[in-house]
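[1] Could you work out the structure for the sequence below:
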Amino acid sequence: MGIRGTRNITVYGDAFDQASTPIVGERVELSELAVASNTILENNAIIVPESGVYQVNFNTNVLLNANDNLELILEGDEDPNRTRIRGEYGGTGFIWIQLGNTLLVERQAGESVAFIVDVTAGSPGLFETNLVVMKISNL
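    Predicted coordinates for the structure are as follows:
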């Protein structure tokens, strides 16, 4: 039981993947659900069981080679510019960067939360990708 006047968070999921190659138009790979309560991992997305407002935290380490470009967006968002995260490298050799975003989104029961590869150029790699979803309010 929580502190008087507060609610416990009972719907959450934490999914991750060790390494993947991003493919335009496909969901960012998530292979394992590490910690969860009332959510499932299906087809590289966390499925939420209840309608509500969810806090979404997404992070990934990206290996960019010379002239690589990568853009990811939240699947199903009406304004992809609000959810877009990108990395670009015009130098020589390679560079490691971290991409991340924290958002509040509305989802209906049974809907998914996932990130889509929107743009890619070259051969970027994703490593230690992590997606966390927590219900913070009813609709």
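[2] So for the closest residue to Gly90 other than its chain neighbours, what's the pLDDT?
    Leaving aside its chain neighbours, Gly90 sits nearest to Asn67 (6.2 Å; criterion: C-beta to C-beta, 6 or more residues apart in numbering). In short, each C-beta sits where N, CA and C put it, glycine included. Confidence at Asn67, expressed as pLDDT, is 94.
[3] Can you give me the neighbour number for Asn67?
    Other residues near Asn67 number 13, with proximity taken as other C-beta atoms under 10 Å.
[4] wait, what's in contact with Leu139?
    When contacts are counted by C-beta atoms under 8 Å, 6 or more residues apart in numbering, Leu139 touches 51-53, 106.
[5] What mean pLDDT does stretch 106-125 get?
    Stretch 106-125 shows a mean pLDDT of 96.
[6] before we move on, the earlier item: among the contacts of Leu139, who's most crowded?
    Neighbour counts for the contacts of Leu139 were taken using other C-beta under 10 Å; the highest belongs to Gly52, which has 18 neighbours.
[7] Just grab the bridge partners of it for me.
    Listed by DSSP bridges, the beta-bridge partners for Gly52 are Arg107.
[8] Identify the residues contacting it.
    Contacts of Gly52 (C-beta under 8 Å, 6+ apart): 11, 106-107, 135-139.
[9] just the helices in this structure please.
    80-83 (DSSP state H).
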